[in-house]
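Asker: Here is my input; please provide its structure:
(chains A and B)
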Amino acid sequence: NAGVMQNPRHLVRRRGQEARLRCSPMKGHSHVYWYRQLPEEGLKFMVYLQKENIIDESGMPKERFSAEFPKEGPSILRIQQVVRGDSAAYFCASSPLGLEGYTFGSGTRLTVV
Amino acid sequence: GNSVTQMEGPVTLSEEAFLTINCTYTATGYPSLFWYVQYPGEGLQLLLKATKADDKGSNKGFEATYRKETTSFHLEKGSVQVSDSAVYFCALSDRVGGATNKLIFGTGTLLAVQP
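Answerer: The predicted model follows:
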């Protein structure tokens, strides 16, 4: 039973480009959460999704960031027109039925140059 | 709002020393409490959890007790090993209207165990 799969592990983008981060939840998990970890900081909640629905996006920046979790395929976190301040590790987690103590992926480390 | 405060690191110990990493929280209601561990270059792994007051979570020799009276969830281990070197995060669950189940994390404490 594979864990939460995130790809790519490392992503380098130039300022102004788009970044797409993918997350495949564990088998049987229909709830996905995205977190961001800035250097030397803890993780900060960004968005909570179920299949085809955004449940809570209170942690998402108002502009340039979007997330989806389609009926088929992985969840995608999309960052448009990246800036240096977007450089961080982005972690995805999944859970069954929104239960606590969910499982994290290994993260995508985004570097904006 | 809800928040978690944990002791700053780094914490440097010799092998077989006793470990305490302090964690206190502010929350309305009765959140569940967690400790996660992050090894270099990896994601977070759930280490232990407690869901109500006076519960003790334990795993791999680590323990933490949910203390409502002191709003604390300190992590302890009697004898650390080099392999325990990692960053440890304290977290609480933040359920909004019964729907969202996001976690509020502390800033993390780096533990370095020397042979």
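Asker: Enumerate the residues of chain A near chain B.
Answerer: Chain A comes close to chain B at residues A:4, A:6, A:31, A:33, A:35, A:40-45, A:48, A:55-56, A:59, A:91, A:95, A:98-107, as judged by CB under 8 Å from any CB of the partner chain. C-beta coordinates here come from the backbone N, C-alpha and C atoms, glycine included.
Asker: please redo it, this time with the cut-off set to 7 Å
Answerer: A:33, A:41-43, A:45, A:48, A:55-56, A:91, A:98, A:100-101, A:104-107 (CB under 7 Å from any CB of the partner chain).
Asker: Out of those residues, which two sit at the greatest distance?
Answerer: By the measure CB to CB, the residues of chain A next to chain B have their two most distant members at A:41 and A:98, which lie 25.5 Å apart.
Asker: Could you find the closest non-adjacent residue to the spatially most central residue of chain A?
Answerer: Nearest residue to the geometric centre of chain A (CA atoms, centre = their mean): residue A:34, 3.9 Å. Sequence neighbours aside, residue A:46 is the residue nearest to residue A:34 in space, at 4.4 Å (criterion: CB to CB, 6 or more residues apart in numbering or on different chains).
Asker: pLDDT at residue B:13, what is it?
Answerer: Turning to residue B:13, the model gives it a pLDDT of 97.
Asker: again, but for residue A:31
Answerer: In this model, residue A:31 carries a pLDDT of 90.
Asker: Tell me where chain B is predicted with low confidence.
Answerer: Counting by pLDDT under 70, chain B contains low-confidence residues at B:95-100.
Asker: show me where it has strands.
Answerer: Secondary structure of chain B, counting by DSSP state E: strands at B:3-6, B:11-14, B:19-21, B:23-26, B:33-38, B:44-50, B:56-59, B:62-65, B:75-77, B:86-96, B:100-105, B:109-114.
Asker: Return the most buried member of the ones you listed.
Answerer: strand B:33-38 (a mean of 25; mean count of other CB atoms under 10 Å in any protein chain shown).
Asker: other SSEs contacting it?
Answerer: For strand B:33-38, the contact count by 3 or more CB pairs under 7 Å, 6 or more residues apart in numbering or on different chains; DSSP states H and E identifies strand B:44-50, strand B:86-96 as packing neighbours.
Asker: Kindly recompute the last result at 10 Å.
Answerer: Using 3 or more CB pairs under 10 Å, 6 or more residues apart in numbering or on different chains; DSSP states H and E, the elements in contact with strand B:33-38 are strand B:3-6, strand B:23-26, strand B:44-50, strand B:56-59, strand B:62-65, strand B:86-96, strand B:100-105.
Asker: how far does the first one sit from the chain's center?
Answerer: The reference is to strand B:3-6. In this view, strand B:3-6 has its centroid 10 Å away from the chain centroid, taken as CA atoms, centre = their mean, to the nearest Å.
Asker: For it, which strands pair with it and how are they oriented?
Answerer: In the sheet, strand B:3-6 lines up against strand B:23-26 (antiparallel) (DSSP bridges).
Asker: neighbouring contacts of the partner strand?
Answerer: B:1-7, B:31, B:33-35, B:64, B:66-67, B:70-75, B:88-92, B:104, B:106, B:109 (CB atoms under 10 Å, 6 or more residues apart in numbering or on different chains).
Asker: circling back to that earlier point, I figured the residue nearest to the centre of chain A was touching residue A:21, is that so?
Answerer: Yes: Residue A:34 lies in contact with residue A:21 (CB atoms under 10 Å); the separation is 8.1 Å.
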